[in-house]
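Trainee: Quick one, fold the following:
(one chain, ligands or ions: 2)
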Amino acid sequence: MPMEIQRVILRGSFNPAVPPFQTRKARRDSTLTLTTPFLSEIGSSKWVSMKCDSSFYSDTLPTKRNLQCRNGAQKPECKGISDIEEDKPKAKIRRKNLAVFVSGGGSNFRSIHEATLNGTYQDCKFYGIIVLFLICWLLFYNPMVTYDADCGGAEYARGKGIPVIVFPKRKDTEEVFSAEDLVIVLRSFKVDFILLAGYLKLIPAALIQAYPKAILNIHPSLLPAFGGKGYYGMKVHKAVIASGARYSGPTIHYVDEQYDTGRILAQRVVPVLAKDTAEELAARVLHEEHKLYVEVSAALCEEQITWREDGVPLIQSKENPNDYR
Ligand SMILES: Nc1nc2c(c(=O)[nH]1)N[C@@H](CN(C=O)c1ccc(C(=O)N[C@@H](CCC(=O)O)C(=O)O)cc1)CN2
Ligand SMILES: NCC(=O)N[C@@H]1O[C@H](COP(=O)([O-])[O-])[C@@H](O)[C@H]1O
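Mentor: Numbering: from 1, shown residues only. Ligands and ions are numbered 1, 2, ... in the order given. Below is the predicted model:
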């Protein structure tokens, strides 16, 4: 690991006693490449990244067959054998790495992590290499970016042997670990995209500038309604119910410098029932969040996001590039 990173880690939260090592075994065959998780040890903390590396190289589809003609007549009469569209081999998609920022129960992080383990991201069989690289750092021994080292997400990560960085540092510590430092660490792992999943602090401008159009957040209401400062967790669902709204649901949006004002990428709708408690509504919305975030992060890795002229991001259908979600 470059000295710069070690310096950041030294200054931040780690005292590497053992130089980082990485073991990585990659088996590559014609269709599937699985890279076993690689483990690098930094001092008293372990960095583990779950790497789901599925590389499917789209076969070169049969080139256009000449139509068979029935006889040698001057003007060949062709018998209906359908043409097979000559297919340009699909460009191989560059592998992508994700970091997940958590500060609560971590159920969205868990569903994304489980998706890496159950091969959901490996279904991108028509696109080159999709790598879901869950990077999380815990002050002690599991990786996730959180400002609460004891949050449920960190507990889950701990159970899976995944390290976490506490960011921002708690006020009562002298350790300095700035947004710029965090960018250095994220760059060292070649992070392409950052997913906020219940992270409740304002992402600083330095991180947003370092990752333009590359930071997503999931919010538990249909933005722009019930969003912004003060709207998080159960506060959102209580406000939705108090308003009499008949529908709610999760929104995934790009992160800009204010809370919840970034461009909306995806939403799902759930009903708000007359007798719903905030907890019942929260559970209904969260169920949709888990599915939506896995779907959207996979589309992100597969480079299916396109931008409309007016700056609205769209998810292009894999089957038909003229369809958008
Ligand atoms: N630059 C951005 N940072 C963050 C965004 C964003 O859109 N842009 N989204 C939030 C997540 N979020 C809603 O989805 C959100 C989180 C927290 C708050 C909020 O009011 N927080 C309180 C502090 C809460 C605490 O410390 O426990 C506050 O700032 O007073 C609103 C919306 C993540 N970051
Ligand atoms: N405004 C941000 C916000 O309220 N985010 C919400 O926090 C919960 C985190 O759950 P999780 O930790 O179980 O994923 C999720 O419902 C997410 O939408």
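Trainee: Give me every residue in the stretch 201-325 of the chain lying close to ligand 2.
Mentor: By CB under 6 Å from any ligand atom, the part of the stretch 201-325 of the chain that sits against ligand 2 consists of 218-220, 231-233, 236, 286, 289. (Each C-beta comes from the backbone N, C-alpha and C, glycine too.)
Trainee: at 5 Å instead, please
Mentor: 218-220, 232-233 (CB under 5 Å from any ligand atom).
Trainee: check contacts around whichever residue of the stretch 151-300 of the chain sits closest to ligand 2.
Mentor: Going by CB to the nearest ligand atom, ligand 2 is nearest to G198 of the stretch 151-300 of the chain, at 2.6 Å. Applying CB atoms under 8 Å, 6 or more residues apart in numbering, we find G198 in contact with 102-109, 153, 218, 233.
Trainee: do L207 as well
Mentor: L207 touches 179, 182-183, 194, 215, counting by CB under 8 Å, 6+ apart.
Trainee: now, which of those sits nearest ligand 1?
Mentor: For the contacts of L207, with ligand 1 as the reference and CB to the nearest ligand atom as the criterion, the closest is I215, at 8.0 Å.
Trainee: count of residues packed around L300?
Mentor: 21 (other CB atoms under 10 Å).
Trainee: returning to what we had before: now the contacts of L207 in CSV, with secondary structure, pLDDT and neighbour count?
Mentor: Output for these, formatted as CSV (DSSP: H, G, I helix; E, B strand; the rest coil; pLDDT from 0 to 100; neighbours: other CB atoms under 10 Å):
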residue, secondary structure, pLDDT, neighbour count
A179, helix, 88, 17
L182, helix, 86, 25
V183, helix, 90, 18
I194, strand, 90, 24
I215, strand, 95, 21
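Trainee: Could you pull up the mean pLDDT of stretch 256-270?
Mentor: What stretch 256-270 shows for mean pLDDT is 98.
Trainee: Report the backbone C-alpha coordinates of it in CSV.
Mentor: Listed next in CSV are the C-alpha coordinates belonging to stretch 256-270 (Å, rounded to 0.1, in the frame of the first residue of the first chain):
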residue,chain,number,x,y,z
ASP,A,256,-25.1,17.0,-4.0
GLU,A,257,-24.0,19.5,-1.3
GLN,A,258,-27.4,19.8,0.4
TYR,A,259,-29.5,17.1,2.0
ASP,A,260,-31.8,15.2,-0.5
THR,A,261,-31.7,17.8,-3.3
GLY,A,262,-29.6,15.7,-5.8
ARG,A,263,-31.1,14.4,-9.1
ILE,A,264,-33.5,11.5,-8.6
LEU,A,265,-32.5,8.2,-10.2
ALA,A,266,-35.1,5.7,-9.0
GLN,A,267,-38.2,5.5,-6.8
ARG,A,268,-40.7,2.8,-5.8
VAL,A,269,-44.2,3.5,-4.4
VAL,A,270,-45.9,1.8,-1.5
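Trainee: tell me which element V294 is part of?
Mentor: Counting by DSSP states H and E, the element that carries V294 is helix 278-301.
Trainee: what comes up buried for that helix?
Mentor: For helix 278-301, a neighbour-count test (16 or more other CB atoms under 10 Å) marks 278, 281-282, 284-286, 288-290, 292-301 as buried.
Trainee: Which residues of the stretch 51-200 of the chain lie near ligand 1?
Mentor: By CB under 5 Å from any ligand atom, the residues of the stretch 51-200 of the chain that approach ligand 1 are 199-200.
Trainee: that older thread, so of the contacts of G198, which ones are in strands?
Mentor: 102, 218 (DSSP state E).
Trainee: Just the buried ones from the contacts of G198, in ChimeraX syntax?
Mentor: To isolate the buried ones among those in ChimeraX, judged by 16+ other CB under 10 Å, type:
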select :102,103,104,105,106,107,108,109,153,218
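Trainee: The closest residue to L273 other than its chain neighbours and ligand 1, how far apart?
Mentor: Closest residue to L273 apart from its sequence neighbours, by CB to CB, 6 or more residues apart in numbering: E280 at 7.5 Å. To ligand 1, E280 is 21 Å away according to CB to the nearest ligand atom, to the nearest Å.
Trainee: returning to what we had before: using PDB, write out the CA atom coordinates for the helix holding V294.
Mentor: What follows is helix 278-301, C-alpha atoms only, in PDB (Å, rounded to 0.1, in the frame of the first residue of the first chain):
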ATOM      1  CA  ALA A 278     -44.800   4.800  11.600                       C
ATOM      2  CA  GLU A 279     -43.100   1.500  12.200                       C
ATOM      3  CA  GLU A 280     -45.400  -0.400   9.900                       C
ATOM      4  CA  LEU A 281     -44.900   2.200   7.100                       C
ATOM      5  CA  ALA A 282     -41.100   2.100   7.800                       C
ATOM      6  CA  ALA A 283     -41.000  -1.700   7.400                       C
ATOM      7  CA  ARG A 284     -43.000  -1.500   4.100                       C
ATOM      8  CA  VAL A 285     -40.700   1.200   2.700                       C
ATOM      9  CA  LEU A 286     -37.500  -0.600   3.900                       C
ATOM     10  CA  HIS A 287     -38.600  -3.800   2.200                       C
ATOM     11  CA  GLU A 288     -38.700  -1.900  -1.100                       C
ATOM     12  CA  GLU A 289     -35.400  -0.100  -0.400                       C
ATOM     13  CA  HIS A 290     -33.500  -3.400  -0.100                       C
ATOM     14  CA  LYS A 291     -34.600  -4.500  -3.600                       C
ATOM     15  CA  LEU A 292     -34.200  -1.100  -5.200                       C
ATOM     16  CA  TYR A 293     -30.700  -0.400  -3.900                       C
ATOM     17  CA  VAL A 294     -29.400  -3.800  -5.200                       C
ATOM     18  CA  GLU A 295     -31.000  -3.200  -8.600                       C
ATOM     19  CA  VAL A 296     -29.700   0.400  -8.900                       C
ATOM     20  CA  SER A 297     -26.200  -0.400  -7.700                       C
ATOM     21  CA  ALA A 298     -26.000  -3.300 -10.300                       C
ATOM     22  CA  ALA A 299     -27.100  -0.900 -13.000                       C
ATOM     23  CA  LEU A 300     -24.400   1.600 -11.800                       C
ATOM     24  CA  CYS A 301     -21.800  -1.100 -12.200                       C
END
